[in-house]
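what follows is a predicted structure for the sequence shown.
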Amino acid sequence: MTGSVSEYIGDKQLSAITVTVLEGSKDVVITDVTTKEANDYETNFGKLVRVEGEVIDYTLAGGIVESITVQDESGESCRVFIDGYIGYSDETSRALEDFVAEGAYISAVGFVSHDAEGNRLRVRDRSEILPAEPGEEPAPETYEVTVAVASGSFEGAETAAEGQDYTGKIVAADGYQLPEQITVTVAGQELNAGDYTYDAQTGELTIPGEAVTGKIEISASCTEISGEEPAPGGDQPGTDEPGTDQPGDDQPGTDVPGTDQPGSGQQGGNTQTGGSQTGNGAQQGGSAVKNPGSAAQTGDNASVGIWIAVAVIAVLAAGAAVVVIVVRKRRR
């Protein structure tokens, strides 16, 4: 559609010059509002809305209903205007004159507009004004909810109802943790942290009903969990305690004398080393000494043994000489 923008009795309009009908079609959405919201021209200008409420007043023109003043629990009324040339799309519809009266309860559909008398709902079809029952509340308008969570997911409805609390939950992926802060935008305006509640420990989010006034956008970014320090354990230098090593464990300075077993390369028993055997347990060429202190001790013991053996042999030799002399003397 191409045209020029103009005004008609204070109401903005587009005066069409050319109109092109495109392929396809789309249903027109009717938004349920309160009579107070229907009277808010600055906010809802051009919207097709529906109201329900009690008839406060009405006027006739030429014997037919021309305007109806309706008010609901919001406490502020709105004017429903019907041009004289507007008829009924449904021939079976009841005539407005049959049920529109002060105190009656009705519903009406129209565009939020303006004329010389002020704000109004301009009716497009008399069949869209119907009798209603008190207590019936129009279904709330719903808004799309879009979510973007980096390294995580979101659990929650894809739509939010106007005036009703919206709840959801952010879930971090494996190896990630929930963010400390998130961003929430409603109707293109970013909310302050105090306008909603978010728990960084559980990921639960609640947007109160009074803040649900348009499309909701939620964005968050989960952070990677940093690597943990390795738990204490393993061999650490300087932590061995004397007397705790087992034979053959090759740990210096911790063997306890007298606890080594034969075959372990330590003192005690016959040990085969370098193809020969010794009786005193000392290691011979080709084997590493486990403990320098033990090696020194083994050498000292060997020296003492040799001197004792020499002494014993000397004593035995002397005794044998004495016996020979005595025997010889007796034979003489």
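Now that the structure is in, tell me what you want to look at. Residues are numbered from 1 along each chain as shown.

any weak-confidence spans in the stretch 51-200 of the chain?
For the stretch 51-200 of the chain, the stretches with pLDDT under 70 are 135-138.

now the helices: where do they sit in it?
For the stretch 51-200 of the chain, helices defined by DSSP state H, counting those that start in this stretch occupy the ranges 96-99.

the strands in it, which residues?
Using DSSP state E, counting those that start in this stretch, the strands of the stretch 51-200 of the chain run over 64-71, 78-81, 105-115, 118-122, 129-131, 142-150, 152-156, 159-161, 166-172, 176-177, 183-186, 189-190, 197-198.

and those as CSV, adding mean neighbour count?
For every residue, glycine as well, the C-beta is placed using N, CA and C. As requested, the strands of the stretch 51-200 of the chain are exported to CSV (neighbours: other CB atoms under 10 Å):
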stretch, mean neighbour count
strand 64-71, 19
strand 78-81, 25
strand 105-115, 20
strand 118-122, 20
strand 129-131, 17
strand 142-150, 15
strand 152-156, 16
strand 159-161, 18
strand 166-172, 18
strand 176-177, 16
strand 183-186, 18
strand 189-190, 11
strand 197-198, 17
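
ok, which of those strands comes nearest residue 309?
Closest of these to residue 309 is strand 176-177, at 78.6 Å (criterion: CB to CB).

what pairs with that closest one, parallel or antiparallel?
The strands beside strand 176-177 in its sheet (DSSP bridges) come out as strand 223-224 (antiparallel).

domain map for the chain?
As given by automatic domain parsing, the domain ranges for the chain are 2-131, 142-224.

hmm, back to that, tabulate the strands of the stretch 51-200 of the chain in JSON lines, adding columns for distance to residue 93.
What follows is these, written out as JSON lines (distance: least, CB to CB, whole Å):
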{"stretch": "strand 64-71", "distance to residue 93": "13"}
{"stretch": "strand 78-81", "distance to residue 93": "16"}
{"stretch": "strand 105-115", "distance to residue 93": "13"}
{"stretch": "strand 118-122", "distance to residue 93": "18"}
{"stretch": "strand 129-131", "distance to residue 93": "8"}
{"stretch": "strand 142-150", "distance to residue 93": "28"}
{"stretch": "strand 152-156", "distance to residue 93": "41"}
{"stretch": "strand 159-161", "distance to residue 93": "30"}
{"stretch": "strand 166-172", "distance to residue 93": "38"}
{"stretch": "strand 176-177", "distance to residue 93": "59"}
{"stretch": "strand 183-186", "distance to residue 93": "38"}
{"stretch": "strand 189-190", "distance to residue 93": "41"}
{"stretch": "strand 197-198", "distance to residue 93": "48"}
